[in-house]
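Engineer: Task: produce atomic coordinates for the following.
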Amino acid sequence: ASLANDLGKKVLIVDANFSAPSLGLHIGLINPEITLHHVLNDQASASDAIHVTNFGFDVIPGAHIFEKIEPFKLAEKLRDVKKKYDFIIIDSSPNLNEEILAAMVASDELIVVTTPDHVTLFSTVRAIRAAKEKKTPIIGLILNKVYDKDFELALEYIEEASGSSILAVLPHDINFLESLAKKVPLIFNRASDSTLEFRKLASSLAGQNYSERKGIKNWF
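Structural biologist: Residues are numbered from 1 along each chain as shown. The predicted model follows:
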């Protein structure tokens, strides 16, 4: 949302969490007629599955109930729409399975999301190793749900254990729940501390210096 609204980029998000898709639900897209599952089963093209949202970006949602698909077709299917966008962001399964491996193969670069605890970091390190085997570059980590407490892993420890730099630190923010309830991306809530972090992250990904922008609409 920040890439599109703050920086004027053409953005597509793809729900590649095939077994438990939820991106559509985040923005009120409850029962889409054409989904990524249709695309992977050769029943529709990727262009047919693109849904234009009110939030400045487009989305290819997943189907909540569907027959088995071939996840490794993802890279091939997205090739046709690649030239239409500045950024295609693929959201994948958090589990190290065929779904996340298919997303790795389809991606030019990876951003790994983790939390500051040993259990999640262990899974993160495994995913990073798998990405290196697939030879997909990792540009960094996003540290999510941070309480800023002494019992959490230090940023330096996480970077050393993962071998990757931290791009953004997102606080544990109750505004996320309000965002879900209203089906509006959190970036449109100026009162949220996380909004600033997302906007800084978007600027970094776009290769631009962050500057405070007042033009974005407040939906909250």
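Engineer: alpha carbons only for contacts and neighbour counts from here, please
Structural biologist: Fine.
Engineer: what comes up buried for stretch 120-129?
Structural biologist: Within stretch 120-129, the residues scored as buried using 16 or more other CA atoms under 10 Å are 121, 124, 125, 127, 128.
Engineer: residue ranges with poor pLDDT in the chain?
Structural biologist: 213-215 (pLDDT under 70).
Engineer: Dihedrals phi and psi, the residue of it most remote from its centre?
Structural biologist: In the chain, residue 150 marks the outermost C-alpha relative to the chain mean, sitting 27.9 Å out by CA atoms, centre = their mean. With angles defined as degrees, to the nearest 10, residue 150 sits at phi -60, psi -30.
Engineer: do residue 14 as well
Structural biologist: Torsion angles, degrees, to the nearest 10, at residue 14: phi -120, psi 130.
Engineer: what's near enough to touch residue 66?
Structural biologist: Residue 66 makes contacts with residue 37, as judged by CA atoms under 8 Å, 6 or more residues apart in numbering.
Engineer: ok, the residue farthest from the centre of the chain to residue 49 distance?
Structural biologist: 45 Å (CA to CA, to the nearest Å).
Engineer: Kindly report the same for residue 153.
Structural biologist: 40 Å.
Engineer: More neighbours: which of the two?
Structural biologist: residue 49 (21 against 16; other CA atoms under 10 Å).
Engineer: And what about the more buried one, helix, strand or coil?
Structural biologist: Applying DSSP: H, G, I helix; E, B strand; the rest coil to residue 49 yields a three-state assignment of coil.
Engineer: how close does it get to residue 21?
Structural biologist: Residue 49 is 14 Å from residue 21, by CA to CA.
Engineer: Could you say which helix or strand holds the residue nearest to residue 56 when sequence neighbours are not counted?
Structural biologist: The shortest distance from residue 56 to any non-neighbouring residue, by CA to CA, 6 or more residues apart in numbering, is to residue 4 (5.6 Å). Element membership for residue 4 (DSSP states H and E) is helix 2-5.
Engineer: In the protein, spot the strand with the most residues.
Structural biologist: Longest strand of the chain, by residue count under DSSP state E: strand 138-146.
Engineer: Send me that one as PDB with only the CA atoms.
Structural biologist: C-alpha atoms of strand 138-146 as PDB (Å, rounded to 0.1, in the frame of the first residue of the first chain):
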ATOM      1  CA  ILE A 138      17.700 -12.700   0.200                       C
ATOM      2  CA  ILE A 139      17.700  -8.900   0.600                       C
ATOM      3  CA  GLY A 140      16.900  -9.000   4.300                       C
ATOM      4  CA  LEU A 141      14.600  -9.700   7.200                       C
ATOM      5  CA  ILE A 142      11.500  -8.000   8.500                       C
ATOM      6  CA  LEU A 143      11.200  -8.400  12.300                       C
ATOM      7  CA  ASN A 144       7.500  -8.600  13.200                       C
ATOM      8  CA  LYS A 145       5.500  -8.400  16.400                       C
ATOM      9  CA  VAL A 146       8.300  -6.800  18.500                       C
END
